[in-house]
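*Asks:* Curious how this folds, go ahead:
(2 chains)
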Amino acid sequence: MTFSLDLHVAERDVRLHLDVASGETVAILGPNGAGKSTLLNTIAGLVTPDSGRCELNGTVLFDLPAGPGRRFWRPPHQRGVSLLAQEPLLFPHLSVLDNVAFGPRSAGAPASRARQRATRWLREVDAEALSARRPAELSGGQAQRIAVARALASDPGLLLLDEPLAALDVSVAPAVRRMLRRVLADCSAVIVTHDVLDAYTLADRVVIVEDGRVVDQGTPAEVLDRPGSAFAAGLAGLNLITGIRRGNTLVVADPPASIPIDAGSAGAQGEQISLAVRPAAVTVSLEEPADPARTSVRAELIDLEPRGDFVRARSALLAADVSPRDAAGLDSAVGSALWFSIPPAAAMVYPTGRSERSTPS
Amino acid sequence: MTLPRWVIAMAAIGAAFVLLPLVAMVLRVNWAEFVPLISSESSVAALLLSLRTSLAATVLCVIFGVPMALVLARTDFWGQKVLRSLVLLPLVLPPVVGGIALLYTFGRRGLLGQTFELLGIEIAFSTTAVVIAQTFVALPFLVLSLEGALRTVGSRYEAVGATLGASPTTVLRRITLPLVLPAMLSGAVLSFARALGEFGATLTFAGSLQGTTRTLPLEIYLQRETDPDTAVALSLVLVIVAVIIVSLAHRTGEPSRRRARALS
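*Replies:* Here you go, the predicted model:
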């Protein structure tokens, strides 16, 4: 284990545990205010938690016992932890090269060696040609590339990334994401993100944090294809229905519903199971579909929400993406009960607890 | 936006109020005798003393004012607000009162006077006293402008520097101070100007001995009684020095604005 963290912040009711293996990239996903940025700032040494313990490559970063005991707090510059924020925060008075050379210089490297190292990292992020520029003369994407080079040039034991692509233009984010994927490949890193694409492309493991607790974790596919929480389902763009298995039906308490499931579905009788399905696979109709293979439920259509080239038809149980043409036909049906139906192969049914899902199916 | 005419009229009156006295003074200058008047022995002595002491006071302001501004802008402790108001007190204190306070601190019978006397240093009524008086009144100018700049720049760059492995001293030297350099320079220039114009505290605490404590403002005040032509000529010299300083301060202030724009 390269990195381990136990963290407790009473004021914000945060109680987290996190491990990062050597060379592993862990993505932390969670709603706003879940304590993700607090987590990164604590690891970097910019925020002090109430209690907790953190260790990186055998070095204690902090040890703050909850009870009596010796409190230890290593200052940020002695931690070997680099923090890359949403904004690049390049030092405006230094050239690009000197920005990247800042870390090696601070570690005591002579100027020429530090610059060599900086040039190597600039080449790594495809920004060598920008060496002589000032940060004010860079575009957002260029500046963020250089911020990545600067963070890595200080040779951190752990790299922290706080939504590194969130402030970038959609047209440049993909290129920066590809570059991150390349440089993070053999680097221990923790990345906080809102973007499920970041999790799929950059992370070896995904940790879902809600209300200051880890609620789910696993590989991106495990966590996002078979979500265990409404938040994860929302990120992955899936309908998530959780209920109890009774025979060959999934019984949902709120809103009350019974959904027929395949007899061969995972999950024992009386156990909590989840059903996940893409809204695009769900169809809506006024009459009950004739095809018996489809799973159909009757639910009240709450509203029709235009989303660019399709319209999302929402009920309390399921959402369906329909074409604008079909949506126009449903317009007068808002407020009344309709049939939402799922084709046989589209739904994924699995036990809700993560431990039982970790075995690949 | 189009300004109402009455605003422009009021502004013109205000500007005239500031400029007219200067014009009146320039009109009174005895140009024929100007050079001899300002190059008399006592005038030159006063001018050189003023420049020397003001420069020393500015250096002291930087040495103590920069750390003070850093502590006020970057730390958080109980009583900080009160301390800030107290530190900035010389800004609003009548200089004569400052002079009396200094006298009871560094004077022969003052709080620290005895200590200095034991060390064989007598401060009151010496050139050192002039520098102390000028530093006392000029220090808040530097602290105030630098603290504002430090707060504007914020501590985010410093945090990044620390996570890149830079020790607090390295962060201060390579990030914080370069970022606020324009504000530090303009603060130093303002302090220098305030020191150069110092009168009340100097007269009270340092007295008026030619060549030792009689700075240019004191010389002007003294000459006004006996030789108004010299007083006016020296006043003009002080005005010219002040104009040069203001334009310098203006110029050093500009890069900080350009940088602020680049950041936003």
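*Asks:* quick one: the helices in chain A?
*Replies:* A:36-44, A:96-106, A:111-124, A:140-153, A:173-184, A:196-202, A:220-225, A:230-236, A:324-330, A:354-357 (DSSP state H).
*Asks:* Report the mean confidence score over the shortest one.
*Replies:* Right, the one you point to is helix A:354-357. Across helix A:354-357, the average pLDDT comes to 48.
*Asks:* on that earlier part again, any chance of the helices of chain A in CSV, plus distance to chain B?
*Replies:* C-betas here are computed from N, CA, C, even on glycine. As requested, the helices of chain A are arranged in CSV below (distance: least, Cβ to the nearest Cβ, whole Å):
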stretch, distance to chain B
helix A:36-44, 5
helix A:96-106, 4
helix A:111-124, 12
helix A:140-153, 7
helix A:173-184, 16
helix A:196-202, 20
helix A:220-225, 27
helix A:230-236, 28
helix A:324-330, 41
helix A:354-357, 33
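*Asks:* Which of the ones you listed sits closest to residue A:260?
*Replies:* Nearest of these to residue A:260, taken as Cβ to Cβ: helix A:230-236 at 20.8 Å.
*Asks:* Just the buried positions in the closest one, please.
*Replies:* For helix A:230-236, burial by neighbour count (16 or more other Cβ atoms under 10 Å in any protein chain shown) applies to A:231-233, A:235-236.
*Asks:* how many other residues sit next to the closest residue to residue A:10 other than its chain neighbours?
*Replies:* Nearest non-adjacent residue to residue A:10, counting by Cβ to Cβ, 6 or more residues apart in numbering or on different chains: residue A:50, 4.9 Å away. Neighbours of residue A:50 under the rule other Cβ atoms under 10 Å in any protein chain shown: 13.
*Asks:* mind listing what residue A:50 touches?
*Replies:* Listed by Cβ atoms under 8 Å, 6 or more residues apart in numbering or on different chains, the contact partners of residue A:50 are A:8-11, A:64, A:66.
*Asks:* who in the stretch 151-300 of chain A is up against chain B?
*Replies:* Proximity of the stretch 151-300 of chain A to chain B, by Cβ under 8 Å from any Cβ of the partner chain, involves residues A:151, A:154.
*Asks:* ok, 7 Å please
*Replies:* Residues of the stretch 151-300 of chain A lying close to chain B (Cβ under 7 Å from any Cβ of the partner chain) are residue A:154.
*Asks:* just to revisit the earlier point, which one of the contacts of residue A:50 sits closest to residue B:21?
*Replies:* residue A:11 (59.3 Å).
*Asks:* Now residue 127: closest residue in space, sequence neighbours ignored.
*Replies:* Since no chain was named, I'll use chain A. residue A:145 (4.9 Å).
*Asks:* was after chain B, sorry
*Replies:* Spatial nearest neighbour of residue B:127, chain neighbours left out: residue B:212 (5.6 Å); criterion: Cβ to Cβ, 6+ apart.
*Asks:* any chance of the helices of chain A in TSV, plus distance to residue A:165?
*Replies:* Listed next are the helices of chain A as TSV, based on distance: least, Cβ to Cβ, whole Å:
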stretch	distance to residue A:165
helix A:36-44	15
helix A:96-106	20
helix A:111-124	18
helix A:140-153	8
helix A:173-184	5
helix A:196-202	6
helix A:220-225	16
helix A:230-236	15
helix A:324-330	31
helix A:354-357	27
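*Asks:* Ok, which of these comes nearest residue A:76?
*Replies:* Among those, helix A:36-44 comes nearest to residue A:76, with 5.8 Å by Cβ to Cβ.
*Asks:* Now do stretch A:253-267: distance to the chain's middle.
*Replies:* Centroid separation for stretch A:253-267 versus its chain: 28 Å, with Cα atoms, centre = their mean, to the nearest Å.
*Asks:* Pull out the buried positions in that stretch.
*Replies:* For stretch A:253-267, using 16+ other Cβ under 10 Å, the buried residues are A:257, A:259, A:261, A:265-267.
*Asks:* Of the residues you listed, which is the nearest to chain B?
*Replies:* Taking Cβ to the nearest Cβ as the measure, chain B sits nearest to residue A:266 out of the buried residues of stretch A:253-267, at 44.8 Å.
*Asks:* follow-up on the earlier one: any chance of the buried residues of helix A:230-236 in a markdown table, plus pLDDT?
*Replies:* As requested, the buried residues of helix A:230-236 are arranged in a markdown table below (pLDDT from 0 to 100):
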| residue | pLDDT |
| --- | --- |
| A:231 | 85 |
| A:232 | 86 |
| A:233 | 88 |
| A:235 | 85 |
| A:236 | 86 |
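*Asks:* quick revisit: okay, and which of the buried residues of stretch A:253-267 map to strands?
*Replies:* Among the buried residues of stretch A:253-267, the members found in strands (DSSP state E) are A:257, A:259.
*Asks:* quick revisit: let's see the pLDDT reported for the residue nearest to residue A:10.
*Replies:* Looking at residue A:50, its pLDDT is 89.
*Asks:* Who are the contact partners of residue 239?
*Replies:* The chain I'm using is chain A. Contact analysis of residue A:239 by Cβ atoms under 7 Å, 6 or more residues apart in numbering or on different chains lists A:276-277, A:279, A:282, A:318-319.
*Asks:* Chain B was what I was after
*Replies:* residue B:22.
*Asks:* Against chain A, how distant is it?
*Replies:* 35 Å (Cβ to the nearest Cβ, to the nearest Å).
*Asks:* the helices in the stretch 101-250 of chain B, which residues?
*Replies:* B:113-118, B:127-153, B:156-163, B:168-171, B:177-196, B:200-206, B:216-226, B:228-263 (DSSP state H, counting those that start in this stretch).
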